[in-house]
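**Student:** missing the sequence, but the structure's below:
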């Protein structure tokens, strides 16, 4: 797919829940599925689910989001969170990246609880290429571990 | 301190030797180029990029000038990598030829001058950075971060570099992180999407990127993901410095953004994803309002 053929798309971040699937099915807009490094949730979890439900989607690397916002391709962001708390929500690695870029481009963010499941995907950290560690003399302190991220309430309100 | 990425393409005995950047960090292999077709293949397949594609263009002009004109070579190069300004490189060569300078001498002078200028630029940038620089970067700037680190140390400054993986080709992981570690420069590897949380936690105090294109207004086009870093940096009040060269007085939005084959989105991942719809624009645009200062290459 080419960038020109994308418009009014919904960006998703985090692990889609059943509730999220119903919502995306009703909306009928094109869904942008970023990779969601390092666990590859976009590739391993979200894309197969959307395909099974016949929901129109397109896959991209996480770092393409800025260009999509810049070009006005995204109409809405759907953020799946792990926990809802007093200050906002807690989401998977990169949740703040997706939410803050949405906010900076005045794109509304909808939140929904994510599906609960164990993550056993291949690229568990940034040191691996397709599951193959390339750092032979790997020192753990060279890799920034992927952790949960808190997104404050004010960022989620338009 | 050194890196083969400082000069990834060389000319030896009528052959262009191109460091196959797609094989790093696993192998340091060189591809022999003896025809324009091979040079174009190397370019299209991303075996080299950034400074490497500049050198490949210049050496192609030197080696194949009998069979192909400079304009023809620049058009062919542009057809493979449309975002980069090969016609400007052709203009540089043609203006010097008009002055009677032989082509191979022009290229040799350029290479020597380029290295001196980037060392000078590294010095200038080092002076701009804080005492304890915590630098976020993306993709790869052909060894210039090594020069920067040397300059920072010379000035008595400390530095730690955070390197974005730069999916899907992983130039950050495979090239930048690799060359920094080879030179014992303190560095950390992060997923592209971790930039925001690192900035929020104040682990980053400046962002440095390359620039494939730059305008006189200081708008830049660089590896996709650069724009996000600039927007986030602006939000967190963190200075953003792209390394620019040969700015032109043009509208940045008029430059074609190269879209690579969608299947490249799955590079370095196990599995067959050929039936999945994907897209991969290779560059993005960052306007000057999100840039603190373009650090230009100057004579």
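**Tutor:** That came through fine. If you're wondering where the values come from, they're calculated on a predicted model, not measured in any experiment.
**Student:** quick check: closest non-adjacent residue to residue B:110.
**Tutor:** Leaving aside its chain neighbours, residue B:110 sits nearest to residue B:58 (6.6 Å; criterion: Cβ to Cβ, 6 or more residues apart in numbering or on different chains). All C-beta spots, glycine's among them, are computed from the backbone N, C-alpha and C.
**Student:** cool, residue B:242 as well?
**Tutor:** The nearest residue in space to residue B:242 (Cβ to Cβ, 6+ apart) is residue B:211, at 4.4 Å.
**Student:** pull the number of nearby residues for the one you found.
**Tutor:** For residue B:211, the count of nearby residues is 26 (other Cβ atoms under 10 Å in any protein chain shown).
**Student:** try residue B:76
**Tutor:** 18.
**Student:** that one contacts residue B:36, correct?
**Tutor:** Yes: counting by Cβ atoms under 8 Å, residue B:36 is a contact partner of residue B:76 at 6.9 Å.
**Student:** overlap in contacts, those two.
**Tutor:** residue B:68 (Cβ atoms under 8 Å, 6 or more residues apart in numbering or on different chains).
**Student:** and the most centrally placed residue in chain A, what's its pLDDT?
**Tutor:** In chain A, the centroid-proximal residue (Cα atoms, centre = their mean) is residue A:13; its distance is 2.3 Å. Note on residue A:13: pLDDT of 97.
**Student:** could you do residue A:158 as well?
**Tutor:** Taking residue A:158 on its own, its pLDDT is 64.
**Student:** please apply the same query to residue B:167.
**Tutor:** The model's pLDDT for residue B:167 equals 96.
**Student:** enumerate every residue touching it.
**Tutor:** A:35, A:37, A:61, A:62, A:63, B:192.
**Student:** who's in contact with the residue nearest to residue B:242?
**Tutor:** By Cβ under 8 Å, 6+ apart, the neighbours of residue B:211 are B:220, B:221, B:222, B:242, B:243, B:244, B:245, B:294.
**Student:** just give me how far the longest strand seen in chain A sits from the chain centre.
**Tutor:** The longest strand of chain A (DSSP state E) is strand A:74-81. Averaging C-alpha positions (Cα atoms, centre = their mean, to the nearest Å) puts strand A:74-81 8 Å from its chain's average.
**Student:** show me what that strand packs onto, helices and strands only.
**Tutor:** Applying 3 or more Cβ pairs under 8 Å, 6 or more residues apart in numbering or on different chains; DSSP states H and E, we find strand A:74-81 packed against strand A:9-13, helix A:18-27, strand A:88-91, helix A:95-104, strand A:109-113.
**Student:** what is the mean pLDDT for whichever helix or strand comes after the second one?
**Tutor:** Going down the chain from helix A:18-27, the next helix or strand is strand A:31-34, by DSSP states H and E. When pLDDT is averaged along strand A:31-34, the result is 98.
**Student:** over to stretch B:98-118?
**Tutor:** For stretch B:98-118, the per-residue pLDDT averages 94.
**Student:** what of stretch B:274-290?
**Tutor:** 97.
**Student:** tell me the span between the first and last residue of it.
**Tutor:** Taking Cα to Cα, to the nearest Å, the first and last residues of stretch B:274-290 lie 37 Å apart.
**Student:** does chain A sit close to that stretch?
**Tutor:** Yes: residues of stretch B:274-290 contacting chain A under Cβ under 8 Å from any Cβ of the partner chain: B:276, B:277, B:278, B:279, B:280, B:281, B:284, B:285.
**Student:** in strands only, show me these.
**Tutor:** Residues of the residues of stretch B:274-290 next to chain A located in strands (DSSP E): B:280, B:281, B:284, B:285.
**Student:** low-confidence stretches in the chain?
**Tutor:** Here I'm looking at chain A. Scanning chain A with the threshold set as pLDDT under 70 gives A:117-141, A:143, A:158.
**Student:** other chain: chain B
**Tutor:** B:1.
**Student:** residue ranges of the helices in it, please?
**Tutor:** In chain B, the helices defined using DSSP state H lie at B:36-44, B:51-64, B:70-80, B:86-98, B:103-128, B:144-154, B:171, B:178-182, B:195-200, B:226-235.
**Student:** buried deepest among those helices, which one?
**Tutor:** helix B:171 (a mean of 28; mean count of other Cβ atoms under 10 Å in any protein chain shown).
**Student:** who's in contact with that one?
**Tutor:** Contacts of helix B:171 (Cβ under 8 Å, 6+ apart): B:21, B:49, B:139, B:140, B:223.
**Student:** from residue B:118, how far off is the residue nearest to residue B:242?
**Tutor:** 13 Å (Cβ to Cβ, to the nearest Å).
**Student:** do residue B:210 as well
**Tutor:** 11 Å.
**Student:** what is in contact with those two at once?
**Tutor:** residue B:144.
**Student:** contacting residues for residue B:190?
**Tutor:** Residue B:190 sits in contact with A:126, A:144, B:162, B:163, B:164, B:165, B:198, where contact means Cβ under 8 Å, 6+ apart.
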